[in-house]
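J.: Need coordinates for the following:
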Amino acid sequence: MPLDEATLERLLGHEWRERIPPICPECGYNLTGLPDNRCPECGYVYSRQDVARNARNMVYQLQALRDVNDILKVGFFLGGAAALFFIAARLTSPGGMTVVARIVSVFLGLPTIGLGLQVFRVKRLPAWAREFVPTEPHYGRGVATAALGLLLIVAALLVP
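T.: Residues are numbered from 1 along each chain as shown. Alright, predicted model coming up:
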């Protein structure tokens, strides 16, 4: 009689070695200590590899979000530098904005928006995973940074 993968794993007694608990890849239910390979919440039949891959992916996402507030600072300083460049170019060219100033404002405004919106990646995490993010993201700063980037682009395109 052949053994399926879940039965073999139970018989061998493999320890869970990931940094976060085993979570169902479909619904996020905590699978710690379950006797079989079917999620009691959603009915998904999982393998140990699926669950381990899901856990490693979540650890990678959590590591990327660990410094989300520092990412916001970079975005804000980038947008601030672009805004200063935009203002200086506007004040020094009486005939209107130069093409270079417009290009710089647009190309620095785009990453400013992207860096500002990084805080909302935390909202996409399952509720249980948010407790692993070491510091609470500054959502207001994220919105302000993204708005600064958007303002730069709009100003570069519309200001004469």
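J.: which SSE is the residue nearest to G79 when sequence neighbours are not counted in?
T.: Leaving aside its chain neighbours, G79 sits nearest to T112 (3.6 Å; criterion: CB to CB, 6 or more residues apart in numbering). Just so you know, the C-beta spots here come from the backbone N, C-alpha and C atoms, and that holds for glycine as well. If you go by DSSP states H and E, T112 is part of helix 99-116.
J.: tell me the mean pLDDT over that helix?
T.: In this model, helix 99-116 has a mean pLDDT of 92.
J.: Quick check: which helices or strands does the helix or strand just after it pack against?
T.: Counting by DSSP H and E, the element after helix 99-116 in chain order, helix or strand, is helix 127-130. Counting contacts by 3 or more CB pairs under 8 Å, 6 or more residues apart in numbering; DSSP states H and E, helix 127-130 packs against helix 48-65.
J.: How far away from the center of its chain is the helix or strand just after the helix it packs on?
T.: Note on helix 48-65: by DSSP H and E, the next helix or strand toward the C-terminus is helix 68-92. With CA atoms, centre = their mean, to the nearest Å as the basis, helix 68-92 stands 22 Å off its chain's centre.
J.: Give me the domain ranges for the chain.
T.: For the chain, the structural domains run 5-62, 66-158, going by automatic domain parsing.
J.: Tell me which of these sits most buried.
T.: Ranked by mean neighbour count, those are led by domain 66-158 with a mean of 16 (mean count of other CB atoms under 10 Å).
J.: Any idea how far apart the tips of that one sit?
T.: Using CA to CA, to the nearest Å, the end-to-end distance of domain 66-158 comes to 37 Å.
J.: about what we covered before: any chance you could list what contacts the helix holding T112?
T.: Residues outside helix 99-116 that contact it (CB atoms under 8 Å, 6 or more residues apart in numbering): 71-72, 74-76, 78-79, 81-82, 85-86, 89-90, 93, 141-153, 155-157.
J.: pLDDT weak spots in the protein?
T.: 1-19, 96-97 (pLDDT under 70).
J.: swap the cut-off to 90 and go again
T.: The model of the chain has pLDDT under 90 over residues 1-71, 85-102, 119-137, 156-157, 159-160.
J.: residue nearest the centroid of it?
T.: Nearest to the mean C-alpha position of the chain, by CA atoms, centre = their mean, lies R121 at 3.5 Å.
J.: Am I right that G142 is in a helix?
T.: Yes: assessed by DSSP: H, G, I helix; E, B strand; the rest coil, G142 belongs to a helix.
J.: For it, which residues are in contact?
T.: L72, G116, L117, Q118, V119, F120.
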